[in-house]
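A.B. asks: Curious how this folds, go ahead:
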Amino acid sequence: MSTDTSDDTAGVTGEQTAEDTDELIDELERRRSLRGVGALAVIVIAVAFSAFQLWLAARGFIFRFSLPLYGEVNLGALQSLQVNSIHVTFGLLLTFLLFPATQGDGFLSRRLARVVPALEDRLGESNPVTRVGHGVRGAVRWLLLDPDRERVTPVDIVLMVGAILSTLYILLEFEEIQQLRSLGLDSGRTTAEVLPLLAAPVQALSTLGIPLDETSYAFVLGALGVLLVLEATRRTLGFYLMAIVGMFIVYARFGYLIPDNAVLIGVLGRIPPSPWSAIIQDLWYNTANGVFGVPVRVSVQFIYIFILFGAFLEMSGAGQWFIDLAYAATGRRKGGPAKASILASGFMGTISGSSIANTVTTGAFTIPLMKKTGYRSEFAGAVEASASSGGQILPPVMGAAAFLIVEYTGTPFADVIVAAAIPAIVFFFGVWVMVHLEASRASIGGVDPAELVAFRSHLRTGWFYLVPILLLLYYLIVVRLTVARSAWYTILAMVALIAFVAAYNERTRWPLVGVIGTIALAEFLAHLVAGVGVIAALTGAGGAGMAPGAAATAVAGSMGWLVIAVCLLTLAVRPHGESPLLNYDDQVDDAVGTITGALDRPQLADNRAVGFLGFIEKSMESGARTATPVVIAVAAAGIIPGVISTTGLGPNLTTLILNVAGGSLVLLLIITAISSIILGMGMPTTVTYIILVSLLGPAIAQFEVPLLAAHLFILYFGVIADITPPVAVAAYAASGVAKSDPFQTGVEAFSLSLNKAIVPFAFVLVPGIVLLRRLPNADALPTDEKTYRVISFADVLDIGYFVPEVLIPVAGVFLGVVALGATVIGFLYSPVSWSERAAFALAALLLMAPGLLFNSVESVLTALGMAVSFNTLTFDLALRAVGGALFAALALANRRRMGPESQPTDGSDEAAADA
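C.D. replies: Below is the predicted model:
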């Protein structure tokens with residue numbers, strides 16, 4: 001909370017301090033907490049990673065720049081394969097630094113730990129075999145074991161060297177790689193030819209049966225790179241994803257051995273045999289498929305820069321400001337802390353990209369306050385987990401998977417935002433309704449107004465935190481810049497804005513405004529007269545002048561850098577002034593304190609210029625830390641569509657899936673939903689999305705489902721996996737903060753998010769809910785052309801289309817969410833019996849997704865040989881009307897039973913308004 005409520009907040013959140021939060025996140029994600037040289041290495045690599053990505057977003061793949069008094073420096077241009085390999089290598093380096101190989105608690109480690117004790121029991125401690133066992137155990141522990149997650153092991157360093165070698169080969173020998181693409185990896189130079197110093201070890205290994213003397217260096221490094229990605233996957237994402245990806249690699253080599261006559265899976269054996277050299281070439285030296293394929297390309301162009309945007313916004317203090325704003329807006333209302341949790345978690349979730357981190361960091365403030373006002377521990381944790389996971393479907397950022405949707409569907413990001421808006425609002429509205437109904441049922445009021453900040457004053461002092469988000473939407477939707485360029489301009493503007501706020505106070509405000517205005521005017525006049533900036537004009541580099549509009553545009557493009565320079569100079573001149581409007585995230589203060597302490601200059605911790613530089617450093621470091629698991633995830637997951645594409649498995653797999661679904665769209669959607677939830681348990685949403693789009697996407701497309709709707713369907717169920725027991729990672733993270741039962745917290749989080757499982761069926765069957773309209777000439781278009789588009793204003797004016805196909809379905813979904821809330825909570829105006837719950841559930845289904853019923857009936861009748869076809873629109877509207885009438889009757893009967901004991905504690909009018 002803010003300074004107005006710091007005392008109370010400290011008391012409320014005392015059970016979960018900032019240090020506890022960091023430790024819980026590290027424990028859940030199994031990250032190291034490094035000190036000394038290891039921590040410095042992480043900072044250097046992380047900042048370099050972010051700087052590399054910022055350059056790509058701002059300047060592209062050409063590394064050319066000018067230095068004052070020196071001239072132009074041209075480092076050349078990189079190819080896509082080289083850029084992607086650098087991107088993945090940064091991720092590998094940070095993975096081997098941040099994630100231990102083993103803590104000694106794994107399946108294999110526990111069994112190996114029994115060997116030496118067994119030798120002692122059978123042979124005695126003095127036996128030579130036992131002593132050898134002790135020595136081997138000590139060596140293995142020194143090489144691999146990191147039980148406390150605090151040291152970098154020798155094996156980590158070796159793996160980092162291997163990752164660097166693999167990328168250096170791609171950077172330095174790109175011409176050879178291009179030749180090998182046509183000749184094959186077997187025709188490349190051997191390791192001894194490339195590195196003569198290794199001739200003796202290579203020969204020694206060859207005598208042992210490892211034919212390195214005949215194997216090309218490109219193959220060795222490619223195989224090493226794939227194995228490093230698998231090991232990094234195991235460390236960051238777990239053994240099971242590594243096993244799945246590894247099984248696809250094995251399938252690519254040996255899948256042709258599956259008999260054609262095998263039941264169901266016989267179709268999987270219809271692939272040509274491929275040698276290991278061809279497989280490695282496809283998986284490592286290819287940008288169309290494999291490790292450096294589409295998912296990594298999307299990470300390079302879109303995902304990382306938006307994660308970095310979120311890191312800058314969070315480190316600036318926006319996270320805490322939005323939490324305070326949410327409490328100021330809703331804290332006084334019935335069940336206020338839970339409603340504030342929904343708002344704050346939704347906002348932070350859409351920029352963080354991590355359900356776990358968002359749940360723990362936001363929950364450290366929201367969960368204790370929910371418990372204090374009367375919510376059960378399990379319910380409080382469930383609200384936080386549900387809202388935090390929902391951030392990945394909330395525009396404008398939507399986490400990493402949204403950018404993959406852009407790439408896979410070819411849909412502009414602005415259209416993805418528009419299509420995803422209504423389902424996301426429906427989800428958060430649904431959680432809000434359930435929270436309100438639970439508060440009404442348990443007579444839970446709001447927070448004491450004395451503990452809250454004033455909404456208007458809080459908004460007035462922190463309005464600048466809204467500017468980056470609005471600016472991002474402006475660039476994406478209005479100007480329609482590319483995603484990467486939009487994020488770059490927004491980050492630059494955000495840094496300039498934070499620099500201005502950091503330098504701003506009563507004493508400096510007018511000098512700041514005056515200097516910045518004077519420089520801007522001088523730059524404008526220089527461009528107007530000479531067509532260049534002031535410095536270039538003074539050195540005689542000018543030419544023809546610009547038109548006023550062009551001059552203003554040129555100055556606007558450089559204003560960010562000018563503001564940063566002026567404000568940083570102000571901070572350096574007045575290092576100990578006040579910054580009354582700015583309050584960096586605690587991580588920035590901790591980082592500055594650590595660095596100044598290490599330099600034996602603790603007095604610099606209060607230096608405003610040092611604080612601003614610390615904000616830049618911590619934002620870049622935090623962005624890289626957050627992005628590392630995502631980078632590894634997309635690199636590993638890219639192998640699966642790579643194998644499907646290169647082996648020709650795709651069409652056969654589509655045929656198999658359609659046969660299993662029996663030609664029923666509803667059954668196929670159910671299979672997809674269940675697969676998403678099972679596969680997504682414990683895995684990032686990004687990985688789940690990539691795998692299922694590769695496996696099930698083509699099958700869904702056979703039913704003429706809008707491509708964008710199908711991809712959003714898969715995304716939604718991938719998000720649900722984070723809160724679905726038994727592996728509900730976000731819910732378990734929330735239970736750690738709430739001190740609640742993990743499984744029960746997961747069950748309640750899934751219940752609160754139940755509308756997230758119904759709405760995807762609704763918008764796949766009725767595309768108008770995601771604002772998609774079928775093209776009038778869709779039947780005449782080729783099968784690979786898009787047959788749906790985002791609706792326009794003209795479509796809104798088309799009453800005959802808009803009302804039955806958009807307005808009524810959307811209204812039905814919102815009303816159905818209220819019915820679903822009564823079903824889950826068991827309360828509306830008064831308690832709801834179990835029979836009434838069943839009736840409310842039916843009403844919710846009829847209001848939200850009636851197509852599930854008549855499509856299922858149609859599929860069953862077709863399977864029985866009865867050719868029946870329903871008029872989809874007629875039945876959809878009729879069933880929604882039945883659902884609406886049923887809900888109205890149930891709600892009216894429930895309200896009539898409302899007695900004095902059921903009256904809300906703070907006014908029924910407010911209850912009705914909130915519901």
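
A.B. asks: List the buried residues of the helix or strand containing Thr628.
C.D. replies: Following DSSP states H and E, the helix or strand that holds Thr628 is helix 608-637. Neighbour-count burial for helix 608-637 flags 608-612, 614-637 (criterion: 16 or more other Cβ atoms under 10 Å). No exception for glycine: its C-beta is placed from N, CA and C like everyone else's.

A.B. asks: Output the below-cut-off pLDDT ranges for this structure.
C.D. replies: For the chain, residues meeting the criterion pLDDT under 70 lie at 1-28, 66-71, 264, 349-354, 399, 542, 682, 778-786, 857-871, 899-915.

A.B. asks: show me what contacts the residue nearest to Phe763 when sequence neighbours are not counted?
C.D. replies: Leaving out its chain neighbours, the residue that sits closest to Phe763 by Cβ to Cβ, 6 or more residues apart in numbering is Ile769, at 4.1 Å. Neighbouring residues of Ile769 by Cβ atoms under 8 Å, 6 or more residues apart in numbering: 422-423, 759, 762-763, 806, 809-810, 813.

A.B. asks: Can you add distance to Asn505 and neighbour count and give those back as CSV?
C.D. replies: Shown next, in CSV, are the contacts of Ile769 (distance: Cβ to Cβ, whole Å; neighbours: other Cβ atoms under 10 Å):
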residue, distance to Asn505, neighbour count
Ile422, 44, 20
Pro423, 44, 24
Val759, 48, 27
Ala762, 52, 25
Phe763, 50, 29
Val806, 51, 23
Pro809, 53, 27
Val810, 48, 21
Val813, 49, 27
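
A.B. asks: For the residues you listed, which two are the farthest from each other?
C.D. replies: Farthest apart among these by Cβ to Cβ are Val759 and Val806. That separation is 14.9 Å.

A.B. asks: Which neighbouring elements make contact with the strand or helix carrying Leu892?
C.D. replies: Following DSSP H and E, one finds Leu892 within helix 872-896. Packing partners of helix 872-896 (3 or more Cβ pairs under 8 Å, 6 or more residues apart in numbering; DSSP states H and E): helix 808-825, helix 834-848, helix 851-863.

A.B. asks: I'd like to know which of the ones you listed is closest to Ile644.
C.D. replies: Using Cβ to Cβ, the nearest of these to Ile644 is helix 851-863, at 27.3 Å.

A.B. asks: Can you list the residue ranges for strands in this protein?
C.D. replies: Secondary structure of the chain, counting by DSSP state E: strands at 62-67, 71-77, 772-774, 788-790.

A.B. asks: which residues are contacting the last one?
C.D. replies: Judged by Cβ under 8 Å, 6+ apart, the contacts made with strand 788-790 from elsewhere in the structure are 415, 418-419, 706-709, 767, 771-775, 778.

A.B. asks: again, 6 Å this time
C.D. replies: Outside of strand 788-790, the residues within contact range by Cβ atoms under 6 Å, 6 or more residues apart in numbering are 415, 418, 706, 771-772, 774.

A.B. asks: related to what we said a few turns ago, among the strands of the chain, show me which one is buried the most.
C.D. replies: strand 772-774 (a mean of 21; mean count of other Cβ atoms under 10 Å).

A.B. asks: how about a markdown table for the strands of the chain, with distance to Val44 added?
C.D. replies: A markdown table is the format used below for the strands of the chain (distance: least, Cβ to Cβ, whole Å):
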| stretch | distance to Val44 |
| --- | --- |
| strand 62-67 | 19 |
| strand 71-77 | 20 |
| strand 772-774 | 47 |
| strand 788-790 | 44 |
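
A.B. asks: thinking again about what came up before, looking at the helices and strands packed on helix 872-896, which is nearest to Leu653?
C.D. replies: Nearest to Leu653, of the helices and strands packed on helix 872-896 and by Cβ to Cβ, is helix 851-863 at 21.7 Å.

A.B. asks: so what's Arg35 closest to, chain neighbours aside?
C.D. replies: Arg35 sits nearest to Glu150 (Cβ to Cβ, 6+ apart), 7.0 Å away.

A.B. asks: gap between that neighbour and Ala39?
C.D. replies: Plainly put, Glu150 is 10 Å away from Ala39 if you go by Cβ to Cβ, to the nearest Å.

A.B. asks: got it, and Ala605?
C.D. replies: 18 Å.

A.B. asks: now swap in Ala636 and tell me
C.D. replies: Counting by Cβ to Cβ, the gap from Ala636 to Ala39 is 27 Å.

A.B. asks: JSON lines for the helices and strands packed on helix 872-896, including distance to His436?
C.D. replies: As requested, the helices and strands packed on helix 872-896 are exported to JSON lines (distance: least, Cβ to Cβ, whole Å):
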{"stretch": "helix 808-825", "distance to His436": "8"}
{"stretch": "helix 834-848", "distance to His436": "16"}
{"stretch": "helix 851-863", "distance to His436": "27"}
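
A.B. asks: Just name the most buried of these.
C.D. replies: Of these, helix 808-825 is the most buried (mean count of other Cβ under 10 Å), at a mean of 24.

A.B. asks: Report the angle between it and helix 834-848.
C.D. replies: 160 degrees (axes from the mean of the first three to the mean of the last three Cα atoms, to 10 degrees).

A.B. asks: Return helix 808-825 as PDB; C-alpha atoms alone will do.
C.D. replies: This file holds the C-alpha atoms of helix 808-825, laid out as PDB (Å, rounded to 0.1, in the frame of the first residue of the first chain):
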ATOM      1  CA  ILE A 808     -27.600 -11.200 -28.200                       C
ATOM      2  CA  PRO A 809     -24.800 -13.800 -27.800                       C
ATOM      3  CA  VAL A 810     -22.600 -11.400 -25.900                       C
ATOM      4  CA  ALA A 811     -25.400 -10.300 -23.600                       C
ATOM      5  CA  GLY A 812     -26.200 -14.000 -23.100                       C
ATOM      6  CA  VAL A 813     -22.600 -14.800 -22.100                       C
ATOM      7  CA  PHE A 814     -22.600 -12.000 -19.500                       C
ATOM      8  CA  LEU A 815     -25.900 -13.100 -18.100                       C
ATOM      9  CA  GLY A 816     -24.800 -16.700 -18.100                       C
ATOM     10  CA  VAL A 817     -21.800 -15.800 -16.100                       C
ATOM     11  CA  VAL A 818     -24.100 -14.600 -13.300                       C
ATOM     12  CA  ALA A 819     -26.000 -17.800 -13.400                       C
ATOM     13  CA  LEU A 820     -22.700 -19.700 -13.300                       C
ATOM     14  CA  GLY A 821     -21.800 -17.700 -10.200                       C
ATOM     15  CA  ALA A 822     -24.900 -18.800  -8.400                       C
ATOM     16  CA  THR A 823     -24.100 -22.400  -9.400                       C
ATOM     17  CA  VAL A 824     -20.600 -22.300  -8.000                       C
ATOM     18  CA  ILE A 825     -21.100 -20.200  -4.900                       C
END
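
A.B. asks: what's it in contact with?
C.D. replies: So helix 808-825 is contacted by 426, 429-430, 433-434, 437-438, 751, 755, 762, 766, 768-769, 828, 832, 837, 840-841, 843-844, 847-848, 880, 887 (Cβ under 6 Å, 6+ apart).

A.B. asks: returning to what we had before: can you tell me which of the strands of the chain is nearest to Gly106?
C.D. replies: strand 62-67 (42.1 Å).

A.B. asks: Distance of Gly381 relative to Thr745?
C.D. replies: On the measure of Cβ to Cβ, Gly381 and Thr745 end up 4 Å apart.

A.B. asks: Mutual contacts of these two, please.
C.D. replies: Shared contacts of Gly381 and Thr745, counting by Cβ under 6 Å, 6+ apart, come down to 734-735.

A.B. asks: And these two? Which one has more around it.
C.D. replies: Taking neighbours as other Cβ atoms under 10 Å, Gly381 and Thr745 compare with Gly381 leading, 34 against 31.

A.B. asks: So what's the residue count around the closest residue in space to Phe743 that isn't next to it in sequence?
C.D. replies: Counting by Cβ to Cβ, 6+ apart, Phe743 lies nearest to Pro725, which is 5.6 Å off, once chain neighbours are set aside. By other Cβ under 10 Å, the residues close to Pro725 number 17.

A.B. asks: For Pro725, which residues are in contact?
C.D. replies: Per Cβ under 6 Å, 6+ apart, neighbours of Pro725: 743, 746-747.
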